[in-house]
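# Below is the structure, and that's it, no one-letter string:
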């Protein structure tokens, strides 16, 4: 397997920043990453898909999908924060050249925004959000949670992000009612 020069891409933003937070969705691109294409449904397996596996340091990352040119996965929740490490792909008995990256405490990115009432309707041009309305926001990369979770699995009821979650909306700082 061969990883291309973009390194680890944050799946929510598509950016290669050289950093990743526990629980972040990521993409790797390259060539000969897997012999067959395969996609899993959450909860994602902890083992490799097809004949491909991704290691972040010594941690095996749960994978969402693999193909010859792309792997999508989630960073393990128990990665140490603020450390320099390497990412590499194994395909059977062969290894890619490692790519350097830093694990950070948090690297938040919004993946979806919904109206809280009626639930499940996406905020978009046809259904804009209004002042004073409560929204449900799906994010990745918020960092450690309690109780500690396993990447790629549904979090138990009551799971909360350890750090305080705030956001800026229309130039105003807003505290989250809950973050879990």
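Looks like it arrived, so ask away. What you see is a predicted model; the values in this text were computed from it and never measured.

# shouldn't residue 155 be in contact with residue 145?
Yes - Residue 155 lies in contact with residue 145 (CB atoms under 8 Å); the separation is 6.6 Å. In this view, the C-beta of every residue, glycine as well, is placed from N, C-alpha and C.

# low-confidence ranges in this structure?
42-48, 151-154, 180 (pLDDT under 70).

# Of residue 155 and residue 145, which one has the most company?
Neighbours per residue (other CB atoms under 10 Å) separate residue 155 from residue 145, with residue 145 holding more: 19 against 15.

# List the residues that contact the more buried one.
23, 77, 155, 159, 160, 161, 162, 180 (CB atoms under 8 Å, 6 or more residues apart in numbering).

# Tell me the spacing between the closest residue to the third one other than its chain neighbours and residue 118.
Distances taken as CB to CB, 6 or more residues apart in numbering put residue 149 closest to residue 155, at 4.9 Å, once the chain neighbours are dropped. Distance, residue 149 to residue 118, by CB to CB, to the nearest Å: 29 Å.

# who has more neighbours, these two?
residue 149 (18 against 8).

# What are the phi and psi values at that one?
phi -110, psi 180 (degrees, to the nearest 10).

# roughly how far apart are it and residue 86?
Taken as CB to CB, the span from residue 149 to residue 86 is 24 Å.

# tell me the centre residue of the chain?
Nearest residue to the geometric centre of the chain (CA atoms, centre = their mean): residue 25, 1.7 Å.

# OK, contacts around the residue nearest to that residue when sequence neighbours are not counted?
Leaving aside its sequence neighbours, residue 25 sits nearest to residue 11 (CB to CB, 6+ apart; 3.7 Å). Taking CB under 8 Å, 6+ apart, we find residue 11 in contact with 24, 25, 26, 27, 72, 140.

# before we move on, what about residue 117?
residue 134.

# For the remainder of this discussion, apply numbering that starts at 880.
Let's use 880 as the start, then, which means that last one is residue 996.
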